[in-house]
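Enquirer: Okay, here's the prediction I keep looking at, along with the sequence it came from:
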Amino acid sequence: MVTEIHTKEEILALLQEIKDPEIPVLSIQDIGMLRDIHITNNGYEVILTPTYTGCPAMGIIEADIKALLETKGISPVKVSLTYSPAWTTDWMTEEAKLKMQRYGIAPPKHSSCGDLATAEMHVACPYCGSKHTELISRFGSTACKSLYKCEDCKEPFEYFKCH
């Protein structure tokens, strides 16, 4: 039973602190995973859409949300996952893409994937900006990223796949 009502705006502001454990410069809001917050007499429900079905970071994110909100006196908290509509890189903010690039991960080139093969052929190196890059592996450290190498600065980097 909720004893003190917190607003959706208060909770959204707090949840800006919750980072994606795989890309710690991005919050769950930046990347577009945070879909909604429901407030009822029985508690608070945070609605998330994972970037991938079976994303291994979801357990950590759920635990982080519950821990943060409960330390702020917001309880009980339930985290629910929704898969429809499916997450898309269209939900990422432009600021998120800039943060990702500064962190060393090439962001999705377009908001809309279009021709995926063409989009992934000309991935710019996040370090030097060169488009003279080569795909090394379709999968990087996670399923949502590919591994590339820049032929100019010779640095390896990951590309966050458009989807």
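Expert: All right, it came through fine.
Enquirer: lowest-pLDDT helix or strand in this protein?
Expert: Within the chain, judged by mean pLDDT, DSSP states H and E, the helix or strand with the poorest mean is helix 116-121; its value is a mean of 60.
Enquirer: which residues sit in contact with Lys19?
Expert: Lys19 is in contact with 25-28, 64, counting by C-beta atoms under 8 Å, 6 or more residues apart in numbering. C-betas here are computed from N, CA, C, even on glycine.
Enquirer: Test of understanding: give the bridge partners of it.
Expert: Under DSSP bridges, the beta-bridge partners of Lys19 are Ser27.
Enquirer: again with the one 4 residues further on
Expert: According to DSSP bridges, the residues that bridge with Ile23 are Asp20.
Enquirer: Tell me how many other residues surround it.
Expert: Ile23 has 22 neighbours, counted by other C-beta atoms under 10 Å.
Enquirer: Quick check: it vs Leu12, distance?
Expert: Shown here: Ile23 relative to Leu12, a distance of 20 Å by C-beta to C-beta, to the nearest Å.
Enquirer: low-scoring stretches of this structure, by residue?
Expert: 1-4, 110-120 (pLDDT under 70).
Enquirer: domains in it, as residue ranges please.
Expert: Domain ranges of the chain: 8-81, 103-160, per automatic domain parsing.
Enquirer: Now that we have the ones you listed, can you turn them into CSV and tack on distance to Asp90?
Expert: Formatted as CSV, the domains of the chain follow (distance: least, C-beta to C-beta, whole Å):
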stretch, distance to Asp90
domain 8-81, 8
domain 103-160, 5
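Enquirer: Which of those sits closest to Thr93?
Expert: domain 8-81 (5.6 Å; C-beta to C-beta).
Enquirer: For that closest one, measure first residue to last.
Expert: 18 Å (C-alpha to C-alpha, to the nearest Å).
Enquirer: Check stretch 37-47 too.
Expert: 6 Å.
Enquirer: How about stretch 79-86?
Expert: 17 Å.
Enquirer: neighbouring contacts of the longest helix seen in the chain?
Expert: Determined from DSSP state H, the single longest helix within the chain is helix 58-71. Applying C-beta under 8 Å, 6+ apart, the contact partners of helix 58-71 are 11, 14-15, 17-21, 28, 33, 44, 46, 48, 50, 75, 77, 79, 81.
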